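[1] Model the structure of this input:
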Amino acid sequence: MSRTPDHPVAPLFVDRWSPRSFSGEAIPDAALQTAFEAARWAPSASNGQPWRFILSRNGDASWPVFLGLLATRNREWAQRASALVAIVSYTLIERRGETVHNGSHSFDTGAAWANFAHQALLLGWHTHGIGGFDREGARFALAIPDDHEVEAIVAIGRQGTLDTLHADFHAGEQPSTRRPLSDFVFEGRFGAPAVPQHRSAA
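    Here you go, the predicted structure:
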C-alpha cells in the first residue's frame, strides 16, 4: 500500500509506520542514545519535560519482565524486537515555587515519543507503540512511582521479513492510510469545515 500525502510534507512523516516483523538483531547504544536525544528536545509546557523512558534490550535480565507485561498477542511479535521501552510521564510540575498537577504531562510525553520514533526511522530502525499491556503490573515490576503515569510500551528494531512473523499478522503488515484533513481540522468551532482562504500577503 502506497502512502501519498495530500499536501507537501517531508518524506519522514509518511515513511514512518509500525511494523510487527522484526529481525531480532541488537541495536547499537549509539542509535538508542540518538533517538533518546531527539526525544529530549521535544516541546513541553513550562519546559517541564515530563517524559521518562525505561529501556530493556533483547537479552537483558529485564527482558522477560518486559515481555511478560505485554498482552499475549503483542508478545507473539514483540519478542523479536531489539528493545522494549516503557514510556512514563511525570504528572506534577513546579510552578512559582509550588508543586502542582501538570495537565499536559501525557500530551508533552507524546511529543517526545514522536521525536524518538522519527529519529529512529532516520537511523534505519522502526518502532511500534503498544497499548495492550498490564499497566498496573508495569508500575509494580518497573518500580514506577505513584506520581508518574504509565503511558505505553514501544518496540524498536530493524524491520524483518514476513517469515519472522506469525501468519496471523501478515495481512496487517503494511503501512496504514490516514483520514483526510477534513475529518479532523476545523475552523472557528468544533465540526466547522476549515475552508482554505486566499489571503493576500502583507
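
[2] Give me the neighbour count for A86.
    Using other Cβ atoms under 10 Å, A86 has 24 neighbouring residues. All C-beta spots, glycine's among them, are computed from the backbone N, C-alpha and C.

[3] what about the lengthiest strand in the chain, distance to the chain center?
    The longest strand of the chain (DSSP state E) is strand 148-157. Offset of strand 148-157 from its chain centre (Cα atoms, centre = their mean, to the nearest Å): 7 Å.

[4] what's the answer for stretch 138-148, then?
    19 Å.

[5] Show me which residues of the host helix or strand of F116 are buried.
    According to DSSP states H and E, F116 maps onto helix 105-122. Buried residues in helix 105-122, counted by 16 or more other Cβ atoms under 10 Å: 105-106, 108-121.

[6] you'd agree I54 is up against V65?
    No - using Cβ atoms under 8 Å, I54 is not in contact with V65; the gap is 10.4 Å.

[7] Between those two, which contacts overlap?
    L142 (Cβ atoms under 8 Å, 6 or more residues apart in numbering).

[8] Return the set of residues that bridge with I93.
    Beta bridges link I93 to V100, judged by DSSP bridges.

[9] any idea how far it is from I144?
    Counting by Cβ to Cβ, to the nearest Å, the gap from I93 to I144 is 18 Å.

[10] Kindly report the same for F169.
    29 Å.

[11] ok so, going back, higher neighbour count, I93 and I144?
    Shown here are I93 and I144; by other Cβ under 10 Å, I93 has more neighbours (21 against 18).

[12] Give me the local confidence score for that one.
    Here, the pLDDT recorded for I93 equals 98.

[13] correct me, but it touches P50?
    Yes - with contacts counted by Cβ under 8 Å, I93 reaches P50, the gap being 7.2 Å.

[14] Give me the common contacts of these two.
    N102, H105.

[15] Let me see the ranges of the strands in the protein.
    Ranges of strands in the chain, per DSSP E, are 51-57, 83-90, 92-95, 98-101, 126-130, 148-157.

[16] Where does pLDDT dip in the chain?
    Along the chain, the model assigns pLDDT under 70 to residues 1, 196-202.
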